[in-house]
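Trainee: got a structure for you, letters missing:
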């Protein structure tokens, strides 16, 4: 019974995420979510009580995936800047391939039109990037004049901009390519002994494709 | 008569811009625009025929201001990277102080919920930044491994991210401060002979506050 409820919730979340990605929050109705999931609209209301709650659940589902992503690089052998770059490619891939991640991003962009308090990942990301930059500093990998928390803010903002303008600026360029080029530029400023191309190549070798779901 | 029509249009545009900034496109009604402008709602329909057309007019009004902004730095004496940095501070200031600029940015962010083809400034910005970087290259000011058009895309995306996440990440940090810190980092990678702090100081001396309107 528990198991069945979980399966129902999962299929509702996935249908909602897909529709939010394709047509946005405002244009998606409970009926469409019910149709796409193959569940009744009664089931939607039973499990989530409203479209707002369902949107929140989609965003939370996406958030729950971040620690898993970060845990991939917990191994002590990988240098911190390499972890950071590898993580950015994982996130770029998830933003391309994973419907829950894409839905989370679109719901965040539309947050002002949603009657719910959509949580944001940026403070947590900035804290994580600050930690990695501080580790890099401790290991002598960070250029002397780079201040971890200020640089972290800059990096998170730039990544956000790369993601949000990718479709706007060049239809045929992938986010991962844009992120690659951006690291080649910014690592020159971040690394104590700049070797951006080599670092990005090592990081991309670690980085694994996100599971779609 | 022409003069009076122009004054009417201007006051409608300003009222609409103010309301779009404060409450977004969807929540703003023609009646509110009429109330705030002190003109009749008949005047709104006579001059703009719909809320969509009014939104487009606000965005176009903002676009019309960019060449003026750029023209400030047409003087041949200012080095291209310095022009670029000065321009970015002008835009950051306009995004803070100028209601038409702020309305344009918000309407663009809400473009998917507006039934009109909201034009985007990013291609024009990227072209302008590419031109300045190419000039910098010609003068030997650009680091040898920086490719103007790729770097221009990166810079425009990063600026967009800095603007859009400013309120999200730290309520008390101004966009101009964030842009300042970002240039200190990225100029290390862009300049042939890095001296970011000195260049930013010279650029800020050129940069002038935007007119509010």
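Mentor: Received it, and whenever you're ready, just let me know what you need. These numbers come from a predicted model, not from an experiment. Residues are numbered from 1 along each chain as shown, chains lettered A, B, ... in the order given.
Trainee: What residues of stretch A:99-109 count as buried?
Mentor: Of the residues in stretch A:99-109, A:99, A:100, A:101, A:102, A:103, A:104, A:105, A:106, A:107, A:108, A:109 count as buried by neighbour count, 16 or more other Cβ atoms under 10 Å in any protein chain shown. The way it works is simple: take the backbone N, C-alpha and C, and place the C-beta from them, glycine included.
Trainee: for stretch A:67-77, that is, sorry about that
Mentor: Of the residues in stretch A:67-77, A:69, A:73 count as buried by neighbour count, 16+ other Cβ under 10 Å.
Trainee: end-to-end on that stretch?
Mentor: Stretch A:67-77 has its terminal residues 19 Å apart, counting by Cα to Cα, to the nearest Å.
Trainee: on that earlier part again, in helices, which of the buried residues of stretch A:99-109 fall?
Mentor: A:99, A:100, A:101, A:102, A:103, A:104, A:105, A:106, A:107, A:108, A:109 (DSSP state H).
Trainee: on that earlier part again, turn the buried residues of stretch A:99-109 into CSV, including distance to chain B and pLDDT.
Mentor: Supplementary listing: the buried residues of stretch A:99-109 in CSV, determined by distance: Cβ to the nearest Cβ, whole Å; pLDDT from 0 to 100:
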residue, distance to chain B, pLDDT
A:99, 18, 94
A:100, 20, 94
A:101, 17, 92
A:102, 14, 93
A:103, 14, 94
A:104, 15, 92
A:105, 12, 90
A:106, 9, 90
A:107, 12, 92
A:108, 9, 88
A:109, 7, 84
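Trainee: a markdown table please, covering those residues and showing distance to residue B:13.
Mentor: Converted to a markdown table, the buried residues of stretch A:99-109 look like this (distance: Cβ to Cβ, whole Å):
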| residue | distance to residue B:13 |
| --- | --- |
| A:99 | 40 |
| A:100 | 41 |
| A:101 | 39 |
| A:102 | 36 |
| A:103 | 36 |
| A:104 | 36 |
| A:105 | 32 |
| A:106 | 30 |
| A:107 | 31 |
| A:108 | 30 |
| A:109 | 26 |
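Trainee: Among the ones in helices among the buried residues of stretch A:99-109, which one lies nearest to residue A:49?
Mentor: The closest of those to residue A:49 turns out to be residue A:107 (Cβ to Cβ; 17.2 Å).
Trainee: show me the contacts for that closest one.
Mentor: A:20, A:25, A:55, A:58, A:59, A:114, A:118 (Cβ atoms under 8 Å, 6 or more residues apart in numbering or on different chains).
Trainee: burial measure for the spatially closest residue to the last one that is not a sequence neighbour, as a count.
Mentor: Spatially, and ignoring its direct neighbours in sequence, residue A:118 is nearest to residue A:111 (4.2 Å; Cβ to Cβ, 6 or more residues apart in numbering or on different chains). Each residue near residue A:111 was counted by other Cβ atoms under 10 Å in any protein chain shown, and the total is 16.
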